[in-house]
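In: predicted structure and sequence below. I'll ask about it afterward.
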Amino acid sequence: MVSAIRKIRKRLLEQNRFKRYIFYAIGEIFLVVIGILIALQINTWSKENQNLKLEKALLEDFKSDLIIQKELINEQIDYEIGMMAQIDSVRQFMRPNFKKATLPQKLHELTARRTFKANRATFNNMIASGSVNLISNASLQNTIIRYFQRLDYVESVVNNNNLFMVDSNFGEFASNNAMGFQIDKTGKFVDSIEFTNEQRYLLDMQLRYRNGASKSITAISEVLLGLTDELINTIDVELKQ
């Protein structure tokens, strides 16, 4: 085709048809421009198509991470509810004639706590690679960023509750023998120990404090669970478009 165009151009010049040559040259330039525009359009379309595939893969990864996060949140909630049930069972030991031998072990069990686990692998990779703009829906992009900010907040609250309310406060109470537990000659805790009113009050306050830690963690975890479900559903809708 290029050879044919050159022959036409040469013939026009040889025949001294300058005006026709000008029109022909303009037409030739026009065809070149059209060709370039078509090539750019094809390149743009190809890149957009690839970006769509990358966006879909990214959203699928987010969905997988969120499903795992949902399981972790449910496990956290179940653990804290179990702890609150244990706290309720310990309250019976404040009764005057209730056997006290197993109370030290139960208090020790209440010093345990569960570390909150945040699954942010895909989000961290997205931030590190700068691929956040692959998510074409600006509203969804902002929702994802806000979700992981909330996730960081929940992780911080849980860790602080564990550190200050469980480890530092209740843990010290349980280990310092503020309740005056006694061991007999065989190494067993004395059943018949009687608590003073002051000790019963101290135990009640500490159980309330320990319960407050699990209660607050449960509350913020339930909110996060709802946000996780919402984000999974939003991503599902985006993937179907």
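Out: Here it is on my side, so go on.
In: Asn119: what secondary structure?
Out: coil (DSSP: H, G, I helix; E, B strand; the rest coil).
In: residues near it, how many?
Out: 17 (other CB atoms under 10 Å). Bear in mind the C-beta positions are built from the backbone N, C-alpha and C, glycine included.
In: now for it: which residues touch it?
Out: If you count contacts by CB atoms under 8 Å, 6 or more residues apart in numbering, Asn119 has them with 65-66, 68-69, 72.
In: pLDDT score for it?
Out: On pLDDT, Asn119 comes in at 94.
In: and Met84, what does it touch?
Out: Contacts of Met84 by CB under 8 Å, 6+ apart are 211, 214-215, 218.
In: so it sits in a helix?
Out: Yes. Met84: assigned to a helix according to three-state DSSP.
In: please tell me how far it sits from Leu163.
Out: 19 Å (CB to CB, to the nearest Å).
In: what residue ranges in the chain score low on pLDDT?
Out: Applying pLDDT under 70 to the chain flags residues 1-33, 35-49, 51.
In: now do the helices in it.
Out: Applying DSSP state H to the chain gives helices spanning 2-14, 18-90, 103-109, 121-129, 138-160, 171-175, 197-240.
In: other SSEs contacting the third one?
Out: It stands for helix 103-109. helix 18-90, helix 171-175 (3 or more CB pairs under 8 Å, 6 or more residues apart in numbering; DSSP states H and E).
In: got it, and the fourth one?
Out: Helices and strands touching helix 121-129, as assessed by 3+ CB pairs under 8 Å, 6+ apart, comprise helix 18-90.
In: show me what contacts Glu109?
Out: Contact analysis of Glu109 by CB under 8 Å, 6+ apart lists Gln86.
In: count the residues that sit near the closest residue in space to Met83 that isn't next to it in sequence.
Out: In this structure, Met83 finds its nearest non-sequential neighbour in Ser214, 4.5 Å apart by CB to CB, 6 or more residues apart in numbering. Neighbours of Ser214 under the rule other CB under 10 Å: 25.
In: so Ser214 touches Glu80, yeah?
Out: Yes. Using CB atoms under 8 Å, Ser214 is in contact with Glu80, at 4.1 Å.
In: quick check: Ser192 vs Gln182, distance?
Out: In terms of CB to CB, Ser192 sits 9 Å off from Gln182.
In: who has more neighbours out of the two?
Out: Gln182 (13 against 10).
In: surely the more buried one touches Val190?
Out: Yes. Assessed by CB under 8 Å, Gln182 is found in contact with Val190 at 4.3 Å.
In: circling back to that earlier point, Phe181 versus the residue nearest to Met83, what's the distance?
Out: Taken as CB to CB, the span from Ser214 to Phe181 is 24 Å.
In: my read: Leu207 touches Arg91, true?
Out: Yes. With contact defined as CB under 8 Å, Leu207 counts as touching Arg91 (6.3 Å).
In: neighbour count for the two, which is higher?
Out: Using other CB under 10 Å as the criterion, Leu207 and Arg91 rank with Leu207 on top: 21 against 13.
In: list the contacts of that one.
Out: 87, 90-91.
In: the same query, at a cut-off of 6 Å, please.
Out: Ile87 (CB atoms under 6 Å, 6 or more residues apart in numbering).
In: distance of it from Asn176?
Out: 16 Å.
In: now, of the contacts of Asn119, which are buried?
Out: For these, a burial check counting by 16 or more other CB atoms under 10 Å picks out 65-66, 69.
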